[in-house]
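[1] Here is my input; please provide its structure:
(chains A, B, C and D)
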Number of protein chains: 2
Amino acid sequence: MQILVVEDELSLAKALKKILEQQGYFVDCVHDGLSAIDYAKGLEYNLIILDVMLPKLDGFEVIRILRKDNVNTPVLMLTARTATGDKVAGLNSGADDYMTKPFDTDELLARVGALTRRRGEVVVNSIKYEDLSLDVQSAMLSRGDQSVQLSHKEFEVLRTFLMNPGMTVPTETLLINGWGMDSEATDNNVEVYISFIRKKLKYLSSVISIRKIPKIGYRLEVNRS
Amino acid sequence: MQILVVEDELSLAKALKKILEQQGYFVDCVHDGLSAIDYAKGLEYNLIILDVMLPKLDGFEVIRILRKDNVNTPVLMLTARTATGDKVAGLNSGADDYMTKPFDTDELLARVGALTRRRGEVVVNSIKYEDLSLDVQSAMLSRGDQSVQLSHKEFEVLRTFLMNPGMTVPTETLLINGWGMDSEATDNNVEVYISFIRKKLKYLSSVISIRKIPKIGYRLEVNRS
DNA sequence: TTCTTTTTTAAGAAATATTTCAGCAGGCGA
DNA sequence: TCGCCTGCTGAAATATTTCTTAAAAAAGAA
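    Next up is the predicted model:
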């Protein structure tokens, strides 16, 4: 699944690329309208994420030119402006969806997912980390040709780690991600699930293990031999 | 291969849907011009079959608006009128082909075939997977020389699996494919049908079984020895 | 219409996931 | 060394989800 990100602000472009690649998409970035047109016409993308304000040629122009050339790749427009007038302009100009900056990761992924999913087809995405691969569709965790099925909660917890590669994840974050903001769950729930996941990592003989950082949280680590 | 049928006469719409589905197309029906625009803009169809006389917005208007919005899906116009003037108007307005009612099934299929084949894709008559073969015209599921007749819903559900070989299919996807986007059907409907299909798989002694991935969906699996 | 098949609904049973809790182990300071 | 705290894990208890039926309703055929 190929995505073209058109965004002149380099740090945002980089962040988008990273987030999307973690979901298993392949991402190309360009930083102005003219290159956007070159790339979009030259390669078959499944989605174009397009900033409105761009050097050389703005987003509306880009989309107009592409559509005129029969490039019908879905477009997700990004803009910092909030006036409704722009929204209408964006959609009229041929964009398929529209999102104002700043936006959060979940919203982005939801919209990207909606635009890249063809009806009746299931998208496969997997998050890879060291020797592990986590299929986000089926919640299967695999290493090489061995796989284990994760339960929904196990999946949520492990995914939180994989989305923050190398970071120490506070127990609080795991609780919020896996159980929700206002749940009754305690640290012990997290402990139990960490235990479940450790069992499965051991079963797969992964080089990855979960290390406790006392009083703070947990971190994925590569085992030293 | 997705077709949108826009026809206010319900019995005709239904008949078209049935005929086309028997050929292996996926068909959505809407019954007025405004919905037609919503659907055509929202989803990627390979063909729109469009009646000229429609409530709210007539076929010419619909096509004009879609083309203006750069929806370039091929359109097959249907009309009861026979005056040549209309034919010209239809084609000028952006339709790709034109057919007067009443028409016969073969003519319809020939024209639909011509318009959808454009992209080099072929309509299949049966889907095979492991030891199973599903005939899309008769909805017969067979293994070797044994067959069972599937009901329409059983067929839709099973076909969704076969179109996504090896994937875990979210319950949501099964609902959308089998019951439509805005139906009242619940997960229980899916469960019941999964149960029906399992019975038929067992009857055929297929190596395929349907495995539940809790909270996520279902997946076809090859039975372990 | 009447008969037949398909689809929906609903309820209890079964399966599975999740939570809770108790006991244990290691680290650390008194 | 002894408590005390934190974290880990197994097992039981609980909750939730999913399966299977049967019967009712709807759709379709004769």
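
[2] and the next element down the chain from the helix or strand of chain A with the lowest mean pLDDT?
    The weakest-scoring helix or strand in chain A, judged by mean pLDDT, DSSP states H and E, is helix A:84-92 (a mean of 49). Later in the chain than helix A:84-92, the nearest helix or strand by DSSP states H and E is strand A:97-100.

[3] Roughly how far does residue A:190 sit from DNA strand C?
    Distance, residue A:190 to DNA strand C, using CB to the nearest atom of the strand, to the nearest Å: 9 Å. Just so you know, the C-beta spots here come from the backbone N, C-alpha and C atoms, and that holds for glycine as well.

[4] what's near enough to touch that residue?
    Residues near residue A:190 by CB atoms under 8 Å, 6 or more residues apart in numbering or on different chains: A:157, A:171, A:174, A:175, A:178.

[5] Try it again at 6 Å.
    Going by CB atoms under 6 Å, 6 or more residues apart in numbering or on different chains, residue A:190 touches A:171, A:174, A:175.

[6] Residue A:137 contacts residue B:169, correct?
    No - assessed by CB atoms under 6 Å, residue A:137 is found out of contact with residue B:169, at 8.9 Å.

[7] So which residues on chain A come close to DNA strand D?
    Counting by CB under 7 Å from any atom of the strand, the positions of chain A adjacent to DNA strand D are A:187, A:188, A:191, A:192, A:194, A:195, A:198, A:199, A:212, A:214, A:215.

[8] and those residues as CSV, adding neighbour count, distance to residue B:203 and secondary structure?
    Below are the residues of chain A next to DNA strand D laid out as CSV (neighbours: other CB atoms under 10 Å in any protein chain shown; distance: CB to CB, whole Å; DSSP: H, G, I helix; E, B strand; the rest coil):
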residue, neighbour count, distance to residue B:203, secondary structure
A:187, 11, 50, helix
A:188, 8, 47, helix
A:191, 13, 47, helix
A:192, 13, 42, helix
A:194, 19, 44, helix
A:195, 10, 42, helix
A:198, 12, 43, helix
A:199, 12, 38, helix
A:212, 13, 52, strand
A:214, 5, 58, coil
A:215, 7, 59, coil
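
[9] More neighbours: which of residue A:137 and residue B:169?
    residue B:169 (25 against 20; other CB atoms under 10 Å in any protein chain shown).

[10] Check the secondary structure at the more buried one for me.
    The local conformation at residue B:169, judged by DSSP: H, G, I helix; E, B strand; the rest coil, is strand.

[11] Check what pLDDT it gets.
    The score at residue B:169 is 87. That number is its pLDDT.

[12] Whichever residue of chain A sits closest to DNA strand C - nearest residue in space that isn't next to it in sequence?
    In chain A, the residue that lies nearest DNA strand C is residue A:151 (3.1 Å; CB to the nearest atom of the strand). For residue A:151, ignoring the flanking residues on the chain, the nearest one in space by CB to CB, 6 or more residues apart in numbering or on different chains is residue B:214 at 6.7 Å.

[13] try residue A:61
    Nearest residue to residue A:61, sequence neighbours excluded (CB to CB, 6+ apart): residue A:33, at 6.4 Å.

[14] Kindly provide the distance from the one you found to residue B:1.
    Plainly put, residue A:33 is 34 Å away from residue B:1 if you go by CB to CB, to the nearest Å.

[15] Neighbour count: those two, which is higher?
    A count of neighbours by other CB under 10 Å puts residue A:33 above the other of residue A:33 and residue B:1, at 24 against 19.

[16] Domains in chain A, by residue range?
    Domain assignment for chain A by automatic domain parsing gives A:2-116, A:126-222.
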